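Visitor: next come a sequence and a model predicted from it.
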Amino acid sequence: MDVSDRGDVVIAFHLCKGCELCVASCPAKVLARGATLNRQGYYAVTYAGSGCRGCGVCFYVCPEPGAITVRVKKADA
Ligand code: SF4
Ligand code: SF4
């Protein structure tokens, strides 16, 4: 498995406060501000859909509990 596809990140759309700390911190540059306001009135971040390395940096910098989930895919045996 290629390192650039080792992870999968899910943003909880309505929990995101749009601070973009995750966008600035992501080494793969696969997160970006979305174009839609969530119910808190913030432009929630969206994932490009591929390229996540599963490093977890976005999870650790996010100040909003539950806003980001990172799943690391297991390599095939
Ligand atoms: S886990 Fe790492 S590579 Fe994936 S979106 Fe978060 S910061 Fe970017
Ligand atoms: S760090 Fe968390 S709250 Fe800030 S933009 Fe990213 S997902 Fe949203």
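Guide: Structure's in. What do you need? Ligands and ions are numbered 1, 2, ... in the order given.
Visitor: what residues does the chain put near ligand 1?
Guide: Taking Cβ under 6 Å from any ligand atom, the part of the chain that reaches ligand 1 is made up of 7, 9, 25-28, 30-31, 52-58, 70. The C-beta positions use only the backbone N, C-alpha and C, and glycine is treated the same way.
Visitor: same thing but at 5 Å, please
Guide: 7, 9, 26, 28, 52, 53, 55, 57, 58, 70 (Cβ under 5 Å from any ligand atom).
Visitor: check what pLDDT the last one gets.
Guide: The per-residue pLDDT reported for residue 70 equals 97.
Visitor: spit out the contact partners of residue 3.
Guide: residue 53 (Cβ atoms under 8 Å, 6 or more residues apart in numbering).
Visitor: just to revisit the earlier point, pull the most distant pair out of the residues of the chain next to ligand 1.
Guide: Maximum pairwise distance among the residues of the chain next to ligand 1 (Cβ to Cβ): 11.8 Å, between 28 and 70.
Visitor: quick one: which of those two has more around it?
Guide: With neighbours defined as other Cβ atoms under 10 Å, residue 28 and residue 70 compare such that residue 28 has more, 20 against 17.
Visitor: what does the pLDDT read for the more buried one?
Guide: pLDDT, residue 28: 97.
Visitor: go on, residue 3?
Guide: For residue 3, the model assigns a pLDDT of 74.
Visitor: how about residue 24, secondary structure?
Guide: Under the three-state scheme (DSSP: H, G, I helix; E, B strand; the rest coil), residue 24 adopts helix.
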